[in-house]
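Peer 1: generate a structure from the sequence data that follows.
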Amino acid sequence: MSDEKEVHLPQSKMGLGSDHSDMIVFLIRFFRLSGVAFLAWLVGYFNFSYSWVLVCIFLYLLRERNSSARKTKAEVIKALGINERDAVLARLDEVPAWIYFPDKERVEWLNKIIKIIWPNLTVYMSTTLVNVIEPIINQYSTSYIGKVKFKKIDLGDIPPRITSIKVYTENVPAGEVLFDCEIMYAGDANILLSASKFQAGVKDIQFHGNLRVILKPLCNRIPFFAAATAFFLNKPQMDFNLTNIANAFDLPGLRNLINNIIEDSVAKTLVLPNRLVIPIIPDIKLDELDNMKKVRPKGVLRINVIKGLNLKKADMGVFGAGKSDPYVSITGLGLPKRTKTISDSTDPIWNETFDFMLEDDLIQTPDILIQCFDSDEMNDDFLGSVEINVENIISKGIEEGIYKLKGVSKGELILRIEWFTVSTESEKLNEILRKKTLNQQQASCLLLVDLKSASNLPMMVDKSGASEPNPRAIFTLNDVNQESTIMERTTHPKWNQNFCFFVENPQSQFLMCKINDEKSKKTIANLEISLKDLLIEDSLQLSRVFDLRTLINDYNPKLSLNLRLYILCAGFRPEPEKKVLIEKSPSLDRSSSGFSKENVFLTQSEFGKIRISMEYIMDESVFRLTVIECQNLCQVHHSNLPDPYVKIILEPEKKSKKKSRAIKDVLNPVFNDIFQWNINYGELKRRQIFVTVKNDKPMLTSEKTFMGELWIDLTNLKPNVLIDKWYDLRSEKDAKFSFNYCD
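Peer 2: Numbers count the residues shown, from 1 in each chain. This next block holds a predicted model:
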């Protein structure tokens with residue numbers, strides 16, 4: 001027998017490491033390239049333009065680029081999950097020994113324990129996915145996807161990691177332990193989902209979120225706390241890759257659809273104000289559990305996204321960079337909010353307001369991340385971001401200004417951020433409603449709805465007979481709908497869920513509730529509650545079992561609710577800066593120049609002021625504006641008086657520009673020029689007036705033209721009401737964030 005050494009050929013590391021998986025990868029790439037070549041052949045066969053070939057190649061390369069970026073991201077996060085230290089060192093040239101996070105602690109000992117018990121945890125988590133997560137996903141599924149089932153669950157060998165833990169020791173109520181866990185998962189799980197119309201494999205799952213855990217109440221029995229409350233401070237980040245046929249064709253709509261369903265199911269169950277309460281000691285009272293789920297507001301943060309300035313041009317045009325289709329996304333306090341998209345603009349005007357409730361459980365309020373994106377069909381382009389420190393806003397009460405966008409070379413946002421405390425004193429409401437003149441659509445109150453349970457709901461009758469309903473509660477206020485989870489086959493559902501609404505005027509508004517059967521999509525009971533009833537209750541709180549209305553007289557359905565109303569009171573507001581009196585320079589003391597010999601203020605009025613009247617005539621759908629006169633305009637000529645005129649633009653349409661006549665040699669011109677626009681009233685309320693006063697200089701002269709400008713917001717303009725008012729003219733920089741309103 002010969003002593004020949006056995007030769008071992010290295011195995012391929014593509015796919016799962018087998019020849020079959022290599023062949024699958026090869027075939028998928030073959031069919032993709034064949035598809036591109038076939039499209040090119042079709043273009044030539046049907047005598048289409050060669051530009052279609054370029055379009056196909058461009059789309060294919062763009063898809064490859066996006067797929068490569070997702071794959072690289074998944075590999076990096078997976079490397080962090082396996083060995084965080086080596087992965088970080090591999091991506092950095094030098095890491096000084098003093099770099100650390102002083103307020104967060106690494107818990108490698110806990111990750112080692114999780115890795116050891118991971119095989120046992122996978123069995124428990126697989127059961128949880130089928131029994132708990134699958135019903136939640138189906139609640140938010142669409143008719144296109146249908147009912148979703150887990151056909152195969154393989155959670156792999158790589159467990160999730162707790163990258164850091166922060167334990168709070170200050171400002172924490174007595175009798176509880178509070179800490180934050182940063183959870184990251186990028187494992188080798190492989191899950192097969194089955195729906196009514198397709199099957200889709202999901203792999204390379206990535207998850208990243210900050211989970212807050214509250215252990216309370218503390219007790220003398222092991223494990224020394226009676227229950228655990230958990231919730232995510234923000235919507236967690238999730239991503240995955242599709243396998244099987246879905247991956248071969250890489251359907252972007254299918255990916256987004258599945259991703260949105262999963263994210264919505266997580267957000268509506270575990271992101272503030274929703275929370276999960278897990279009883280630890282079996283004999284804990286139900287009242288105490290309900291109390292743990294109750295939302296306790298600290299205040300409301302109001303963010304007004306007014307305008308963008310000089311944003312980056314992200315879209316490609318025929319002759320180079322075009323414009324952008326920008327929108328703003330706000331994250332950091334519960335579910336994210338976003339503005340509408342403004343098409344083809346680098347100076348978009350949104351003027352949209354968003355309210356965020358802050359809870360007492362937050363202890364340390366996270367920063368708000370305001371991001372600007374260019375809306376595209378495939379991937380939205382990043383246009384910059386701004387971070388807002390909430391604690392600073394709370395201490396100031398209000399902050400307004402121009403914020404430079406970070407992460408990009410140019411671009412700014414004009415924001416107005418206000419802090420409101422909450423009160424249960426009904427006497428304050430009338431005063432707040434009287435002062436609410438800047439924007440009639442802004443909220444004056446916060447309504448918290450604690451949905452507990454229903455009883456004696458009617459049975460559903462169809463051709464097969466009577467059956468128990470699958471009830472879902474839907475609350476509506478101001479055209480805003482919020483839905484509960486679906487309870488399977490019961491006439492006595494128990495929800496224990498919280499909902500938050502912002503109320504403009506509780507004296508005239510109603511909260512609508514209807515109970516729907518999810519299977520038949522029919523309303524089986526409904527309820528209407530006047531919020532005015534809350535104003536006469538102690539502490540503006542109403543806890544009652546309400547009688548539901550139903551078409552079937554044989555039943556007496558009831559709904560248990562707890563309603564709490566909080567009045568929004570303006571937080572601390574600093575005193576306005578006093579005007580500084582300065583002696584006028586002798587060089588300006590010329591009677592011919594139009595300057596008074598009195599002292600002047602270095603304030604907003606250094607450019608003078610303008611008198612404007614405006615009115616919207618509802619019957620004619622006409623907006624009429626009159627430029628009446630100006631006073632104390634600034635001098636822009638060295639020897640002679642200026643020739644001022646006024647330019648009016650109904651933003652954002654530049655074509656709406658109007659121009660007054662020029663008045664010769666005067667600083668206090670009288671125009672009385674009338675302009676009008678044919679425009680719908682609803683559209684007008686979303687517009688702003690841009691007013692500029694300029695000097696009509698002769699040609700071939702070096703005279704300055706700018707004499708002041710201002711913005712007027714038309715949000716609260718009332719129809720058939722004439723407004724005649726003086727407005728201060730400002731510099732170009734100050735006018736950008738100093739909006740005037742129609743009072």
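
Peer 1: list the buried residues in stretch 225-243.
Peer 2: Buried residues in stretch 225-243, defined by neighbour count with 16 or more other C-beta atoms under 10 Å: 225-229, 231-236, 239-243. Heads up, the C-betas are built off the backbone N, CA and C, glycines and all.

Peer 1: let me know the closest of those residues to residue 622.
Peer 2: Minimum distance to residue 622 across the buried residues of stretch 225-243 is 44.9 Å, recorded for residue 235 (C-beta to C-beta).

Peer 1: wouldn't the closest one be in contact with residue 330 here?
Peer 2: No: between residue 235 and residue 330 there is no contact, the gap being 11.5 Å when judged by C-beta atoms under 8 Å.

Peer 1: shared neighbours of the two, anything?
Peer 2: residue 336 (C-beta atoms under 8 Å, 6 or more residues apart in numbering).

Peer 1: burial measure for residue 335, as a count.
Peer 2: Counted with other C-beta atoms under 10 Å, residues neighbouring residue 335 total 16.

Peer 1: next SSE after the longest strand along the chain?
Peer 2: Counting residues, the longest strand in the chain under DSSP state E turns out to be strand 199-215. For strand 199-215, the succeeding helix or strand toward the C-terminus, using DSSP states H and E, is strand 227-232.

Peer 1: okay, angle between the helix or strand following that next one and strand 199-215 too, please.
Peer 2: Once the chain leaves strand 227-232, the next helix or strand it forms, by DSSP H and E, is strand 237-243. Here strand 237-243 points in a direction 160 degrees away from that of strand 199-215 (axes from the mean of the first three to the mean of the last three C-alpha atoms, to 10 degrees).

Peer 1: ok, strand 237-243: who's next to it in the sheet?
Peer 2: strand 199-215 (antiparallel) (DSSP bridges).

Peer 1: for the strand it pairs with, give the mean pLDDT please.
Peer 2: Mean pLDDT, strand 199-215: 83.

Peer 1: picking that back up, nearest to residue 200 among the buried residues of stretch 225-243?
Peer 2: Nearest to residue 200 among these, with distances taken as C-beta to C-beta, is residue 242, at 5.7 Å.

Peer 1: which pLDDT value belongs to the closest one?
Peer 2: What the model reports as pLDDT for residue 242 is 72.

Peer 1: for the nearest residue to it once chain neighbours are set aside, the count of nearby residues, please.
Peer 2: Nearest-residue entry for residue 242: residue 200, 5.7 Å, with adjacent residues in sequence omitted and distances by C-beta to C-beta, 6 or more residues apart in numbering. Counted by other C-beta under 10 Å, the residues lying close to residue 200 total 23.

Peer 1: how about the helices in this protein?
Peer 2: Assigned by DSSP state H, the helices in the chain fall at 19-45, 51-82, 84-91, 108-128, 134-139, 244-249, 252-270, 286-293, 390-396, 427-435, 681-684, 732-735.

Peer 1: only alpha carbons, please: show the last one as CSV.
Peer 2: What follows is the C-alpha trace of helix 732-735 in CSV, where atoms were taken according to Å, rounded to 0.1, in the frame of the first residue of the first chain:
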residue,chain,number,x,y,z
GLU,A,732,-32.4,89.3,4.1
LYS,A,733,-31.0,87.1,6.9
ASP,A,734,-33.5,88.1,9.6
ALA,A,735,-36.5,87.9,7.3
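
Peer 1: now that helix: buried residues?
Peer 2: Under 16+ other C-beta under 10 Å, the buried positions of helix 732-735 are 734-735.

Peer 1: that one packs against which elements?
Peer 2: If contacts are counted by 3 or more C-beta pairs under 8 Å, 6 or more residues apart in numbering; DSSP states H and E, helix 732-735 sits against strand 706-713.

Peer 1: what residues sit buried inside the strand it packs on?
Peer 2: Quick answer for strand 706-713 (16+ other C-beta under 10 Å): 707-713.

Peer 1: any idea of the mean pLDDT for it?
Peer 2: For strand 706-713, mean pLDDT rounds to 88.

Peer 1: distance from the chain centre to it, please.
Peer 2: 31 Å (C-alpha atoms, centre = their mean, to the nearest Å).

Peer 1: next one: stretch 179-194
Peer 2: 24 Å.

Peer 1: then stretch 188-208?
Peer 2: With C-alpha atoms, centre = their mean, you get 27 Å for stretch 188-208.

Peer 1: now stretch 163-170
Peer 2: 26 Å.

Peer 1: residue 165 touches residue 180, doesn't it?
Peer 2: Yes: applying C-beta under 8 Å, one finds residue 165 in contact with residue 180, separated by 7.0 Å.

Peer 1: okay, these two: which has more neighbours?
Peer 2: In terms of neighbours (other C-beta under 10 Å), residue 180 is the more surrounded of residue 165 and residue 180; the figures are 19 against 15.

Peer 1: could you list every residue that touches the closest residue to the more buried one other than its chain neighbours?
Peer 2: Nearest residue to residue 180 in three dimensions, chain neighbours excluded: residue 166, at 4.7 Å (C-beta to C-beta, 6+ apart). Contacts here follow C-beta under 8 Å, 6+ apart; on that basis residue 166 touches 103-105, 179-180.

Peer 1: hmm, back to that, nearest to residue 681, of the buried residues of stretch 225-243?
Peer 2: Distances from residue 681 to the buried residues of stretch 225-243, taken by C-beta to C-beta, are shortest for residue 235, at 36.3 Å.

Peer 1: could you report the distance from the closest one to residue 207?
Peer 2: 12 Å (C-beta to C-beta, to the nearest Å).

Peer 1: and residue 301, what are its bridge partners?
Peer 2: Assigned bridge partners for residue 301, using DSSP bridges, are residue 356, residue 419.

Peer 1: can you tell me which residue is spatially central in this structure?
Peer 2: Nearest to the mean C-alpha position of the chain, by C-alpha atoms, centre = their mean, lies residue 337 at 1.6 Å.

Peer 1: returning to that earlier point: list the buried ones in the longest strand of the chain?
Peer 2: Residues 200-207, 209, 211-215 are the ones in strand 199-215 that count as buried (16+ other C-beta under 10 Å).

Peer 1: one more: stretch 148-156?
Peer 2: 148, 150, 153, 155.

Peer 1: what's in contact with that stretch?
Peer 2: If you take C-beta under 8 Å, 6+ apart as the criterion, stretch 148-156 is touched by 122, 125-126, 129-130, 134, 137-138, 141, 187-195, 199, 261.

Peer 1: got a PyMOL select line for the buried ones in those?
Peer 2: In PyMOL, a selection of the buried entries from the contacts of stretch 148-156 looks like this (16+ other C-beta under 10 Å):
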select buried, resi 122+125+126+134+137+138+141+187+189+190+191+192+193+195+261
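
Peer 1: about what we covered before: looking at the helices of the chain, which one has the lowest mean pLDDT?
Peer 2: helix 244-249 (a mean of 50).

Peer 1: ok, back up a step: could you give the bridge partners of the residue nearest to the centre of the chain?
Peer 2: residue 330.

Peer 1: gap between it and residue 356?
Peer 2: Taking C-beta to C-beta, one finds residue 337 at 8 Å from residue 356.

Peer 1: over to residue 460?
Peer 2: 39 Å.

Peer 1: and what of residue 407?
Peer 2: Taking C-beta to C-beta, one finds residue 407 at 23 Å from residue 356.

Peer 1: can you check residue 312 too?
Peer 2: Relative to residue 356, residue 312 is positioned 27 Å away (C-beta to C-beta).
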